[in-house]
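>>> Take this sequence and fold it.
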Amino acid sequence: MSDRECDVQSYILSKIPVNMRLFRNNVGGFIQHNNLVRYGLTKGASDLIGWISVDGVARFLAIEVKANTGTLSKEQANFLNALNDSGGVGICIWSKREWDFFLSNLPNIPIKTYKAVS
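Take a look at the predicted model:
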């Protein structure tokens, strides 16, 4: 049985090491008095936002959380890639096991390029 996205996110938040801070980032909008009110960082911004401290230097960290069968949108892939290209850490985590693997490889942070599935 695969992990649900909410279970993976809860697991990540329960297993944050001392050199990392993460905050939930909701992105969306609603209509109020005929005006669109947007909240969150930007369209495509990751579910969890924060930083990881490596050798006393904090690096911006964004984690997109997906269920095992989830796919990245174009905006989500672009956000992660732009962050990685700028020296931050942008990752997508699809399972609890993948989060454990990421943590076990710290401080070496594997950075990869993400592609959206059309």
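
>>> Secondary structure element holding Thr69?
When elements are assigned from DSSP states H and E, Thr69 belongs to no helix and no strand.

>>> what's the nearest residue to Leu36 if we skip its chain neighbours?
Gly29 (5.4 Å; Cβ to Cβ, 6 or more residues apart in numbering). Every C-beta, even on glycine, is put in place using the N, C-alpha and C of the backbone.

>>> ugh, wrong one, Trp94
Lys66 (5.1 Å).

>>> now the longest strand belonging to the chain, how far from the centre of its chain.
Criterion DSSP state E: the longest strand present in the chain is strand 57-65. Relative to its chain's centre, strand 57-65 lies at 7 Å (Cα atoms, centre = their mean, to the nearest Å).

>>> for this structure, what's the longest helix?
Selection of the longest helix in the chain by residue count, based on DSSP state H, yields helix 74-85.

>>> measure Leu22 to Ile63 for me?
According to Cβ to Cβ, to the nearest Å, Leu22 stands 7 Å off from Ile63.

>>> I should have written Leu36 there, sorry.
27 Å.

>>> between the two, who's got more neighbours?
Each of Leu36 and Ile63 has its neighbours counted (other Cβ atoms under 10 Å); Ile63 has more, 24 against 8.
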